Every structure is written in structure tokens, then in C-alpha cells.
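[1] model the following, please.
(one chain, ligands or ions: 1)
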Amino acid sequence: MTSTEAFETVLNETAKTVTATLKDVFGSHRLIVGTPHRLLDAMRHGVLNGGKRLRPFLVLETAKLFSAPQQAAMDVAIALECIHCYSLIHDDLPAMDDDSVRRGKPTVHKAFDEATAVLAGDGLLTLAFGLIAEAESIPPAPRIALISALSRRAGVAGMVGGQMLDMNAQDHDLKDIEITRMQTMKTGALLSFACEAGAIVGGATVDHRNRLRHLGEVLGRAYQLSDDLLDETGDAGAMGKAARKDRGQGKKTMVALHGVDWAKDRLYDLSVEAEELLKHYGDQATTLRAATRYIVSRSH
Ligand code: GRG
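    From the prediction side, this is the model:
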């Protein structure tokens with residue numbers, strides 16, 4: 001078994017636990033009472049449809065560095081996955097990326113309709129903040145810190161703003177620095193929240209919070225770069241080679257701008273930067289090191 005395969009096994013195990021917890025949340029009294037059936041079904045479709053659960057995994061693993069209570073870490077991990085799934089539902093809409101398949105299944109607007117998909121995304125976004133606000137596993141001060149950090153990272157100066165920059169970029173060429181900014185906001189912001197959240201629930205110092213936020217940013221850049229490399233070179237993964245290449249056509253990416261070899265060198269630089277940050281945590285960070293290698297190597 002290669003180290004990537006070993007890591008995928010660990011990631012899959014975590015994904016199963018996260019999905020089981022999400023099933024509990026979406027079958028709970030809190031959601032069933034008062035939510036229109038069709039809306040709840042659409043939200044379930046957008047959340048319980050597979051997915052690697054990478055963001056929850058990062059919350060849970062970084063929380064372990066500080067021996068944070070597992071329930072507290074899981075509560076944040078679930079909220080973050082709700083936000084990620086909302087972003088995918090909206091990203092797939094005809095007004096945005098116009099995709100009909102997500103995680104191997106029909107997108108929410110295909111399985112339901114566009115208005116329901118918009119509302120399902122809205123429902124998941126607002127639910128996420130409610131789940132953290134009501135999480136009794138987390139004391140009030142870190143709860144507020146989490147809500148504040150998540151609102152910044154998921155919002156207009158984070159993921160939503162990054163998506164706006166991406167939409168604006170459809171009709172004109174972007175410079176290197178503009179692509180980096182857009183991707184840091186669109187993809188990096190939630191990953192940086194995931195890593196920092198572990199430090200927040202673990203009651204860690206500001207230095208740890210900053211370091212782990214930085215780690216998340218580095219992982220976000222690496223994740224986006226490897227995703228763009230997969231689009232450029234095509235890959236016979238879940239999506240299939242032709243679909244991958246087709247999806248990558250005309251996209252404003254660093255790989256399109258600088259080429260495949262440049263991107264591979266940059267991925268190596270990012271893995272070194274992540275290793276440096278993880279050195280502070282010694283053997284406790286073994287799984288996070290494996291996560292870094294997985295993110296960097298999934299495109300080659
Ligand atoms: C609509 C506000 C709004 C934001 C959309 C998530 C997003 C922002 C856009 C997705 C665009 C994209 C292809 C980004 C690259 C990173 C990536 C591959 C995200 C998909 O996340 P994964 O790989 O997916 O973690 P799973 O399905 O495993 O959860």
C-alpha cells in the first residue's frame with residue numbers, strides 16, 4: 001500500500017463518521033420540525049451525496065494537536081461541511097458553473113429545480129452558523145470566535161468574494177497576482193478556517209491560530225493547483241479524462257498561465273512550506289503530514 005493509499009483509507013474512515021453525524025443532524029428534530037419537506041430533501045441531497053469531507057478532516061486533525069474535546073471539533077466540522085456543500089450547490093447553478101453532475105450524482109438543481117437549489121444553499125449557509133451558535137460542547141468565547149472567523153472566511157472577503165472575482169474574470173485575462181488572490185479567497189479561505197478552527201476549539205494561543213491558518217492557506221493553494229493540474233492534464237479519476245479536460249477549457253488558472261512543469265515545482269515548494277509549519281507539532285502531526293502529501297501528489 002502506498003502512503004497515498006494509506007492516507008485515503010484514513011480519510012475515508014473519517015468521512016464515514018462525518019457522514020453518519022450529518023445524517024443524524026439532517027434527521028434531527030431541529031431540522032425536521034418546520035422545514036418544508038422538499039427543501040429538506042434538497043439539502044440532504046446536497047450534503048449526503050458523498051464527498052471526501054476534507055474540510056471536516058482538517059478541523060478534526062488540527063483539533064487533536066491541542067487535545068480539544070472531540071464533540072466540539074465535530075460540531076464545527078459539520079457546520080463547515082454545510083457551508084462547503086452550500087457553495088457547491090450554488091457553484092453548480094446555471095448562473096455560475098452550470099454543472100449537471102456533482103460527486104457522481106445529479107446536481108441539486110437537476111434533481112430538484114433551480115429555485116429549490118438556491119434555497120437549499122441558503123438553508124445550509126444559515127444552518128451552519130446556527131449549529132455553531134447552539135453548540136453546547138464549545139464555551140461561549142471560542143464559539144463567538146468561530147462564528148466570527150467563519151463569517152469572514154466564507155463571506156465577501158473570502159469564499160463569496162473569490163467567487164465574484166472568478167465570475168468577473170470570465171471575459172478578460174487575469175494577471176498572475178489576480179489569479180492567486182481569487183483562488184486564495186475562493187478555495188483557500190475555507191481550508192484556512194478548517195485548520196484554524198482546530199486551534200480555536202483547542203483553546204490554543206494566537207501564535208498557533210496564526211500558524212494553522214497559514215497552513216490552511218498553503219494547503220488551499222496546493223489543493224487548487226493540483227485541481228488545475230488535473231484539469232490541464234486530464235485524469236482518469238471519478239470524473240473521467242475527457243470530462244476533466246473539458247471542464248478545464250478556458251479556465252483562468254496558474255497552470256494555464258505558467259505550464260505544467262512550473263505548477264509541479266510550485267507544488268513542491270508548497271509542500272516544503274507546509275512541512276516547515278508542521279515541524280512545530282512533531283510526531284503529533286503525522287496524519288497532517290500525510291494529508292499534505294496527498295494534496296500535493298493527487299495530480300501526479
Ligand atoms: C458559490 C459562493 C460560492 C462559492 C463557490 C467551492 C467553490 C466556491 C467553487 C468550487 C470551484 C472549484 C472547482 C474549486 C477547486 C477546489 C475544489 C476541487 C473544490 C471541491 O472541493 P472538494 O474537492 O470536493 O473537497 P468534495 O466533493 O470532496 O467535497
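
[2] only C-alpha atoms for contact and neighbour calcs from this point on.
    Will do.

[3] how many neighbours does residue 112 have?
    Residue neighbour count, defined by other C-alpha atoms under 10 Å, stands at 16 for residue 112.

[4] and the gap between it and the ligand?
    From residue 112 across to the ligand, the span is 18 Å (C-alpha to the nearest ligand atom, to the nearest Å).

[5] try residue 87
    Here the distance between residue 87 and the ligand works out to 4 Å (C-alpha to the nearest ligand atom).

[6] next: residue 171.
    When distance is defined by C-alpha to the nearest ligand atom, residue 171 is 18 Å away from the ligand.

[7] number of nearby residues for that residue?
    Taking other C-alpha under 10 Å as the neighbour definition, residue 171 ends up with a count of 7.

[8] and if you look at the one 4 residues further on?
    For residue 175, the number of neighbouring residues by other C-alpha under 10 Å comes to 12.

[9] from the middle of its chain, how far away would the helix or strand hosting residue 278 be?
    When elements are defined using DSSP states H and E, residue 278 is found to belong to helix 260-278. Its chain's C-alpha centre lies 19 Å from the corresponding centre of helix 260-278 when counted by C-alpha atoms, centre = their mean, to the nearest Å.

[10] list the buried residues in that helix.
    Applying a neighbour-count criterion of 16 or more other C-alpha atoms under 10 Å, the buried positions in helix 260-278 are 260, 263-264, 266-268, 270-271, 274-275, 278.

[11] got those residues as JSON lines, with distance to the ligand and pLDDT columns?
    Rendered in JSON lines, the data for the buried residues of helix 260-278 read as follows (distance: C-alpha to the nearest ligand atom, whole Å; pLDDT from 0 to 100):
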{"residue": "260", "distance to the ligand": "17", "pLDDT": "92"}
{"residue": "263", "distance to the ligand": "15", "pLDDT": "93"}
{"residue": "264", "distance to the ligand": "17", "pLDDT": "93"}
{"residue": "266", "distance to the ligand": "17", "pLDDT": "94"}
{"residue": "267", "distance to the ligand": "15", "pLDDT": "95"}
{"residue": "268", "distance to the ligand": "18", "pLDDT": "94"}
{"residue": "270", "distance to the ligand": "16", "pLDDT": "96"}
{"residue": "271", "distance to the ligand": "17", "pLDDT": "95"}
{"residue": "274", "distance to the ligand": "18", "pLDDT": "97"}
{"residue": "275", "distance to the ligand": "21", "pLDDT": "96"}
{"residue": "278", "distance to the ligand": "21", "pLDDT": "97"}
